[in-house]
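>>> structure, please.
(one chain, ligands or ions: 2)
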Amino acid sequence: MLELYLNKPGDLQLREGDSAPSLSNEEVKIKVIYGGICGSDLGVFKGSLKHASYPLRPGHELVGTIIEAGKDVNYKVGMRVVIFPNSFCGECDFCLKGKTNICRHKKSIGVNTNGGFSEELVISEKYVLPIPDDMADERAVLIEPFAVVVHALNKVSLTPGMTVAIIGCGNEGMLAAALANHLGAVVTAIDINPVKLERVRSLGDIKAVHPEEITDEAFDVVIEAAGVKSAVEQAVQLVRPGGDVILIGLAQQADLPIVQIVRNEITLHGSIIYTFPHDFEQSIEYLKKKEFNVSPVISKIVPFTEYKMAYETAISGDYGKVVLNFKDND
Ligand SMILES: [Zn+2]
Ligand SMILES: [Zn+2]
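Ligands and ions are numbered 1, 2, ... in the order given. Next comes the predicted model:
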């Protein structure tokens, strides 16, 4: 069983991993099909994600097929599933309120516990969800990153005609633009990279501009998906009085005009990952719709043995989602 392994930041290798031990009653063994490379994988690789631990097998955006199931498992061998990569205890005060995304005992696979950039993966059935039969693997691998955006946009009630600005057109920004557009909002996407602006335009009727091209417009909702200080500050400048700013990027700090936020009753929402299964199920519902265009988000599917090139491509920032293919290497 081949796996990617990160000994320490920057030191990623392909190696023969230990084949999984026998399954417990509620575990499943998955043959991985695709693994998407996420911004947080790049953070783990570079050593810039504070809660990462090493050594570790990376990877959390995973779809695969169940090839073995413990005796109490409700899913059948042969089923395609998506992995829920953040554990939750189900018992802490946050879990009891349905906020499994901020569980006190949360572990994130591929970040602070072993992930699934490997040919096989063993995981509790609690953390898998079946993929509809008619959904292609290439779409299913977006269920997890798209759930982040579904969760974020659930902070506000978007109605057709509302104006939405998205700052930062990486994969999450692209997916946010796609969803807001799909929900009938008038969408402006903002990024400094012309390649990303071109890609976001290909999603549909979306205005895509450099930050300096925005002058005195004001938006009902602004989504910050760049994760940098200047973008957070611009987000607050761009929201209209009474509007909402949703922060999904992970900027360390920003200088915010509190008087303006108070006087204009601007609401700031922090939004982290998603809850399970609700946001995953909603993500699947959107992705099931054929008319919902997300195909420009994936720009490369690469055999996992070419992981070095895949990581370099993802780090370059000029591409959309880069996906590792684990299925055609037998
Ligand atoms: Zn991710
Ligand atoms: Zn909990």
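>>> rest of the way, CA atoms for contacts and neighbours
OK.
>>> kindly confirm my reading that I66 is in a strand.
Yes - when the secondary structure is assigned by DSSP: H, G, I helix; E, B strand; the rest coil, I66 falls within a strand.
>>> assign the residue lying closest to it once chain neighbours are set aside to helix, strand or coil.
When the adjacent residues along the chain are set aside, I66 lies closest to I30, with 4.5 Å between them (Cα to Cα, 6 or more residues apart in numbering). Secondary structure of I30, reduced to three states by three-state DSSP: strand.
>>> burial measure for I30, as a count.
Using other Cα atoms under 10 Å, I30 is surrounded by 29 other residues.
>>> residues contacting it?
For I30, the residues meeting the contact criterion (Cα atoms under 8 Å, 6 or more residues apart in numbering) are G64, T65, I66, I67, E68, E120, L121, V122, I123.
>>> now the fifth one: how far from ligand 2?
In this case it means E68. Applying Cα to the ion, to the nearest Å, one obtains 28 Å for the distance of E68 from ligand 2.
>>> what helix or strand is E3 on?
Under the criterion of DSSP states H and E, E3 resides in strand 2-8.
>>> which residues are contacting that strand?
Strand 2-8 is contacted from outside by 12-17, 45, 47, 54-58, 117-119, using Cα under 8 Å, 6+ apart.
>>> give me the domain ranges for this protein.
Residue ranges for the domains of the chain, per automatic domain parsing: 2-147+274-325, 156-270.
>>> what average pLDDT does the last one get?
Looking at domain 156-270 alone, the average pLDDT works out to 96.
>>> what of the longest one?
Mean pLDDT, domain 2-147+274-325: 96.
>>> what's the most distant pair in the contacts of strand 2-8?
In these, two members sit farther apart than any others by Cα to Cα. They are G47 and E119, at 24.4 Å.
>>> the two: which has the busier surroundings?
When G47 and E119 are compared on other Cα under 10 Å, the one with more neighbours turns out to be E119, at 23 against 16.
>>> name the element the spatially most central residue of the chain belongs to?
Central residue of the chain (Cα atoms, centre = their mean): P145, 2.4 Å from the mean position. Assigning secondary structure by DSSP H and E places P145 in helix 143-153.
>>> tell me what that helix is packed against?
Taking 3 or more Cα pairs under 8 Å, 6 or more residues apart in numbering; DSSP states H and E as the contact definition, the neighbouring helices and strands of helix 143-153 are strand 61-69, strand 80-83, helix 171-182, helix 278-288.
>>> quick one: residues in contact with the helix or strand that contains Y311.
The secondary structure element spanning Y311 is helix 307-316 (assigned by DSSP H and E). Taking contacts as Cα under 8 Å, 6+ apart, the residues outside helix 307-316 that touch it are I37, L42, V302, Y319, G320, K321, V322, V323, L324.
>>> and the second one, helix, strand or coil?
Looking back up the chat, that one is L42. Going by three-state DSSP, the secondary structure assigned to L42 is helix.
>>> repeat for the fourth one
The three-state label for Y319, taken from three-state DSSP, comes out as coil.
>>> what's the local residue count around it?
Using other Cα under 10 Å, Y319 has 18 neighbouring residues.
>>> contacting residues for it?
The contact partners of Y319, by Cα under 8 Å, 6+ apart, come to K196, S299, K300, T313.
>>> what's the spacing between whatever residue of the stretch 101-250 of the chain ends up closest to ligand 2 and I131?
Across the stretch 101-250 of the chain, no residue is closer to ligand 2 than C103, which sits at 3.7 Å (Cα to the ion). In this structure, C103 and I131 are 25 Å apart, going by Cα to Cα, to the nearest Å.
>>> one more: V222?
Here the criterion is Cα to Cα. By it, V222 lies 31 Å from I131.
>>> of the two, who's got more company?
Taking neighbours as other Cα under 10 Å, V222 and I131 compare with V222 leading, 29 against 22.
>>> phi, psi of the more buried one?
Its backbone dihedrals place V222 at phi -120, psi 130, with angles given as degrees, to the nearest 10.
>>> pretty sure it sits against A235.
Yes - taking contacts as Cα atoms under 8 Å, V222 lies within contact range of A235: 5.9 Å.
>>> where do the contact lists of the two overlap?
Common neighbours of V222 and A235, using Cα under 8 Å, 6+ apart, are I167, V245.
>>> can you list the residues of the stretch 101-250 of the chain near ligand 2?
C103 (Cα under 5 Å from the ion).
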